[in-house]
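Q: Structure for the following, please:
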Amino acid sequence: MIHLLTSKDYPWLCNNCKAVLDQLVGVFQDGLMEDTDDIEAPVMKMYDDGMYCGGDHCENEKEEQE
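A: Got it, this is the predicted structure:
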């Protein structure tokens, strides 16, 4: 099985976004989602489905960029 990137790989995300990401990693690892050949598949799913705390972005990430 491919190693998927988890919340540890995205330290700039807020705790809520990290929790969502780690849940998605579990879903991908359980084989409930396809596209497991991409190590960023869980975070891309978050982006595609607007699962970040700010919808299409993490509010914490926005603050750090300013």
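Q: shaky segments in this protein?
A: Within the chain, the set of residues satisfying pLDDT under 70 comprises 1, 35-36, 61-66.
Q: Which stretches in it count as helices?
A: Counting by DSSP state H, residue ranges of the helices within the chain are 15-29, 41-48, 59-65.
Q: so can I have JSON lines of those helices showing mean neighbour count?
A: (Glycine included, C-beta is placed from N, CA and C.) Putting those into JSON lines (neighbours: other Cβ atoms under 10 Å) gives the following:
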{"stretch": "helix 15-29", "mean neighbour count": "17"}
{"stretch": "helix 41-48", "mean neighbour count": "18"}
{"stretch": "helix 59-65", "mean neighbour count": "12"}
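Q: looking at those helices, which is closest to residue 3?
A: Of all the helices of the chain, it is helix 15-29 that lies closest to residue 3, at 9.9 Å by Cβ to Cβ.
Q: Going by contacts, tell me the helices and strands next to that closest one.
A: helix 41-48 (3 or more Cβ pairs under 8 Å, 6 or more residues apart in numbering; DSSP states H and E).
Q: Work out the gap between the helix it packs on and the centre of the chain.
A: 6 Å (Cα atoms, centre = their mean, to the nearest Å).
Q: just checking, residue 53 touches residue 59?
A: Yes - using Cβ atoms under 8 Å as the test, residue 53 is close enough to residue 59 to be in contact (5.0 Å).
Q: Understood, closing this out.
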